[in-house]
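[1] Okay, here's the prediction I keep looking at, along with the sequence it came from:
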Amino acid sequence: MQDGSYVVRKDKIKGGAGGVAVIGSAVDTNAVLDRLKIERTSGTAVQTFECCGLTSTFTKVSGTPHGPDTGDGATADAGVQEPEPSLAGP
């Protein structure tokens with residue numbers, strides 16, 4: 001989700017390198033994750049990337065997990081991965 005406000009409801013992301021990326025590159029970006037199920041990802045389930053002094057945020061609602069899958073059906077709460085220095089603004 002890039003540049004704007006988004007709401008994701010009752011959706012499922014399964015497998016892959018990651019789940020959701022919230023990216024602010026031209027305007028502040030906010031995502032509401034309402035009952036979004038993310039599982040079996042090899043990386044962080046929710047990441048924020050910010051550029052040029054903009055903000056990227058997300059809000060979990062109704063038990064939406066985030067973090068890498070532990071492999072046993074549970075999802076670890078690993079927090080939000082910080083943006084790489086090359087992606088951060090001045």
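    In hand now; what should we look at?

[2] Give me the neighbour count for Thr41.
    Neighbours of Thr41 under the rule other C-beta atoms under 10 Å: 21. Heads up, the C-betas are built off the backbone N, CA and C, glycines and all.

[3] quick one: it and Ile13 touch, right?
    Yes. Counting by C-beta atoms under 8 Å, Thr41 touches Ile13, with 7.2 Å between them.

[4] burial count for the closest residue to Lys60 other than its chain neighbours?
    Excluding its sequence neighbours, the residue lying closest to Lys60 (C-beta to C-beta, 6 or more residues apart in numbering) is Leu33, at 5.3 Å. Leu33: 26 surrounding residues under other C-beta under 10 Å.

[5] Tell me how far Leu33 lies from Val22.
    9 Å (C-beta to C-beta, to the nearest Å).

[6] same check, this time on Gln47
    For Gln47, the distance to Val22 - C-beta to C-beta - is 7 Å.

[7] Which strands and helices lie in contact with the helix or strand encompassing Thr57?
    Per DSSP states H and E, Thr57 falls inside strand 56-61. Contacts defined by 3 or more C-beta pairs under 8 Å, 6 or more residues apart in numbering; DSSP states H and E place strand 56-61 against strand 20-24, strand 29-34, strand 46-50.

[8] ok and the last one relative to strand 56-61, angle-wise?
    Counting by axes from the mean of the first three to the mean of the last three C-alpha atoms, to 10 degrees, strand 46-50 points 150 degrees away from the direction of strand 56-61.

[9] between strand 46-50 and strand 29-34, how many degrees?
    Strand 46-50 runs at 170 degrees relative to strand 29-34, counting by the same axes, to 10 degrees.

[10] joint contacts of Thr41 and Ile13?
    Gly19 (C-beta atoms under 8 Å, 6 or more residues apart in numbering).

[11] quick one: the residue nearest to Lys60 and Val8 touch, right?
    Yes. Leu33 is in contact with Val8 according to C-beta under 8 Å; the separation is 5.5 Å.

[12] so what sits against both of those two?
    With C-beta under 8 Å, 6+ apart, Leu33 and Val8 have common neighbours Val20.
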